[in-house]
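In: take this sequence and fold it.
(2 chains)
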Amino acid sequence: MVTKSCRDKMANAVAQAGLLYEDVPESKNSDEHLVDAVQHGDDSAFRDLFLAHRAEVHRVVYRLLGPSNDLEDIIQEVFIQVHRSIGNFRGQAKFSTWLHRVAVNVTLQHLRRKRATIVSHTDEHLEERPGGQSERTPQENAETQDRLLAVYRALDQLSPKKRAVLVMHDMQGMNAQEIAKVVGSPVFTVRTRLFYARREFYKKIIDDPAFSGDISAVELARTR
Amino acid sequence: MKHRVKERAIFALLDGKLESREARALEEHIESCETCRDFLEQVQVTRRFMRGLAAKSPPPVDWNRVDAGIQAGIEKSAPRPHFGGLFLWGSLAATAAAAFLVTWLIASPRGHEGPTPPPLPTKESVATSAAVEREPAKTDTPRRVEAFVTFVAGEVSLSRAEAAFVAANLESALDVGTNIRTGEGSSIGLQLGDASACRLQSESEAQLVSLDSELRLDLQRGRVSCSTGREGSSAPLVLAVMDLVASAEGSARFSLRRAPQVVIVELAEGTLHVDRSNGGPTLSEPGRYLLGRDDTGALSATRDEEQQEALTLPEITMMPRRTIASLQIPPVESIDRVEVDGVDYGSLPLSLRRRPGVARVILFAEGREPVVREIEVGFGPRVVDVASLELEPEDAEELQRSRERRVAPRVGTYSKTQVARLRAVVGQSVRSCYERALKRNPSIWGRINVRFTVSNSGEPQRVNVSSLAGGSEGVNRCIESAISSDRFPPPMGGYVPIEQTITLVPRF
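Out: Numbering: from 1, shown residues only, chains lettered A, B, ... in the order given. Alright, predicted model coming up:
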């Protein structure tokens, strides 16, 4: 009998391989051909693009957004935006880079909207991750969750632009040149933004009980 | 003197960007500098944790639902009717009529390759008329600008002949006839006459751009005033309310540059929210910005002139007829803030211009569930009757639930400074009890968990101290008693639960 955790593990493995729930299209068409077809009104090619790139978009959006109920909505919005703007894509960059930009832009737009309201990351958005935490003790899991929330609480206090470069650099390990392509800014701007983002972010993190280990659960005493 | 952490150097060290000599020097400094060492360690721990997050798979999503949502979204965002040109108008002093024209410049495929729906017939007729009577504007490259420009605001300096022409053409072309009015206190209105300057009465939300000449605007909360670049003349000027800039507080100057098409914003002070309802950027540092859409369709603002080539306004499309809607909600005492379509507009009264359609309004009040109302907003002002919001539940059961909710306490927040103060107060109480216990038993140690709640007024409640390891009941009770008699800063918005783990170790 396949247990829930087994299923989750399998789903996780499949997700990591980029094969979520459905197989990627068998078509050997490259992105270039698919994009060309979409630009000529071929809806099935758009679906192929979606299937081929959704896992990547999923990862990009999640890392930038953090635990949130809006994850699915934003992924949807990314692909709607791709559909809307693909006519403007001229192949000057790789499609995947352009898609990454769209994903980042849409997520940042969402974050800006959210910044107008009170944003806080709470446990309710945290789901048990298949595989990743199964061998940890409940205390370790709780600590990891506290830290995860602390990271995104601190990120919430950065401007969306700073947040994006910080996540891409310090979380995803991208370098300034790669980030510059994604955010469409000069490398120098990215470096400057990264420095200020880090300075703000790590100051907040140092003050956060989840990382300082002093106050372990003042999570509700959110810092405005 | 307080030592300043060498953040830049530490980041460079972690990124492996320092020369070996510099790295050695920094490492030597870190050895002797506790502040820098702590900072470095904290950054390392956090970065390791963040890299670990990146290696994890995100939580699964329901791809079927996402797929369905995308299909629905694509169908919903099927091409809207576009007006194929920029709103450009000018005085035709040289022409026989000396009339005022509204021109839609139909342009080349630059910036847009997709199929374009035909412009509305009324626009074509205006464009044709303009093409005959007016020289096309000189530009280096042909252009296509699909301007979403919604009329109209303020008092504009026009001659009577111009006014008559505008009134006739605008009404037939844009169907804004009902919007042309002096509108005392109204946010939208065009007064036609011989006024020497333009003046706009508005709430803080105003999106204004000069389409043909520069326009100076002073945007202030509650009032917007503007003057043309050529005050006193009858220079042709349209004040256009654009979708682009959603709200502004402060002082900014706008102009429109063509080929490449960008809006230039010179922000003197304050804050400018660009396309706020769609999460556009916020400009707050004074200076000159170029505003446009990049190739992903996202609205973008840059201060870098070199970046302007990447920005265009291809996505800014003319709103179809009858698209200015105004939503006004008068003040309601019990309402703390209001949110419309996901955007927080602060406290009531609300006066908002938006596209027509259903507005999702959420009213927030202290101690009760938010009131969610969907309000149909059509063309023209829509002043919401407060009674229609049905703020009080009708049935008794709901009323009872509402009362219960109203008394239900809410979780509040502490600022960073307050958290630091709170930690200091707790630390003082713990220290004094522990030091007293050490006098009786010099080897006593322990790890304790301190829990309590700070009420709205800053009073500690439900204080509980328990030992996680070692410790003594006597010390715990002492700490409970000390904390209970402490006073804390009142939290914002409700009570705050506190939990702190503290290690008690004698210092020899």
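In: just the C-alpha atoms of stretch B:37-45, please, in CSV.
Out: Listed next in CSV are the C-alpha coordinates belonging to stretch B:37-45 (Å, rounded to 0.1, in the frame of the first residue of the first chain):
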residue,chain,number,x,y,z
ARG,B,37,32.9,38.2,14.1
ASP,B,38,29.3,37.9,15.3
PHE,B,39,28.1,39.6,12.1
LEU,B,40,30.1,37.3,9.9
GLU,B,41,28.9,34.2,11.8
GLN,B,42,25.3,35.3,11.6
VAL,B,43,25.5,36.0,7.9
GLN,B,44,27.2,32.6,7.3
VAL,B,45,24.5,30.8,9.3
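In: now for residue B:58: which residues touch it?
Out: A:15, A:58-59, A:61-63, A:71 (C-beta atoms under 8 Å, 6 or more residues apart in numbering or on different chains). The way it works is simple: take the backbone N, C-alpha and C, and place the C-beta from them, glycine included.
In: go again with 6 Å.
Out: Listed by C-beta atoms under 6 Å, 6 or more residues apart in numbering or on different chains, the contact set of residue B:58 reads A:58-59, A:62.
In: so which of those are also by chain B?
Out: A:58-59, A:62 (C-beta under 6 Å from any C-beta of the partner chain).
In: backbone dihedrals for residue A:89, please?
Out: When quoted as degrees, to the nearest 10, the phi and psi of residue A:89 stand at phi -80, psi 120.
In: how many neighbours does the nearest residue to it once chain neighbours are set aside have?
Out: Nearest residue to residue A:89, sequence neighbours excluded (C-beta to C-beta, 6 or more residues apart in numbering or on different chains): residue A:98, at 5.5 Å. Residues lying near residue A:98 (other C-beta atoms under 10 Å in any protein chain shown) number 24.
In: part of a strand, is residue A:98?
Out: No. With DSSP: H, G, I helix; E, B strand; the rest coil as the criterion, residue A:98 is assigned helix and is not in a strand.
In: those helices in chain A, which residues are they?
Out: A:4-16, A:31-39, A:43-65, A:71-85, A:95-115, A:138-156, A:160-166, A:176-183, A:187-207, A:209-212 (DSSP state H).
In: reformat the ones you listed as JSON lines; add mean pLDDT.
Out: Below are the helices of chain A laid out as JSON lines (pLDDT from 0 to 100):
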{"stretch": "helix A:4-16", "mean pLDDT": "47"}
{"stretch": "helix A:31-39", "mean pLDDT": "84"}
{"stretch": "helix A:43-65", "mean pLDDT": "89"}
{"stretch": "helix A:71-85", "mean pLDDT": "88"}
{"stretch": "helix A:95-115", "mean pLDDT": "84"}
{"stretch": "helix A:138-156", "mean pLDDT": "78"}
{"stretch": "helix A:160-166", "mean pLDDT": "89"}
{"stretch": "helix A:176-183", "mean pLDDT": "87"}
{"stretch": "helix A:187-207", "mean pLDDT": "86"}
{"stretch": "helix A:209-212", "mean pLDDT": "69"}
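In: of those, which is nearest residue B:488?
Out: With C-beta to C-beta as the measure, helix A:209-212 is the member of the helices of chain A nearest residue B:488 (16.2 Å).
In: list the buried residues of the closest one.
Out: A:209-211 (16 or more other C-beta atoms under 10 Å in any protein chain shown).
In: from these, which is closest to chain B?
Out: Nearest to chain B, judged by C-beta to the nearest C-beta, of these is residue A:211 at 6.2 Å.
In: lowest-pLDDT helix or strand in chain B?
Out: The weakest-scoring helix or strand in chain B, judged by mean pLDDT, DSSP states H and E, is strand B:100-105 (a mean of 22).
In: just checking, residue A:106 touches residue A:81?
Out: Yes. Counting by C-beta atoms under 6 Å, residue A:81 is a contact partner of residue A:106 at 5.4 Å.
In: can you tell me the element residue B:476 falls in?
Out: helix B:473-484 (DSSP states H and E).
In: in that helix, which residues are buried?
Out: B:475-476, B:478-480, B:482-483.
In: quick check: residues of the stretch 1-150 of chain B near chain A?
Out: Residues of the stretch 1-150 of chain B lying near chain A (C-beta under 6 Å from any C-beta): B:7, B:11, B:42-43, B:46-47, B:49-50, B:54, B:56-61, B:63, B:66, B:69-70, B:73-74, B:77, B:113-114.
In: if we can go back for a sec, which strands or helices does the helix holding residue B:476 pack on?
Out: Counting contacts by 3 or more C-beta pairs under 6 Å, 6 or more residues apart in numbering or on different chains; DSSP states H and E, helix B:473-484 is packed against helix B:416-440, strand B:460-470.
In: and the helix or strand just after that helix with helix B:473-484, angle?
Out: In the C-terminal direction, the helix or strand that comes right after helix B:473-484 (DSSP H and E) is strand B:496-504. Using axes from the mean of the first three to the mean of the last three C-alpha atoms, to 10 degrees, the inter-axis angle of strand B:496-504 relative to helix B:473-484 is 140 degrees.
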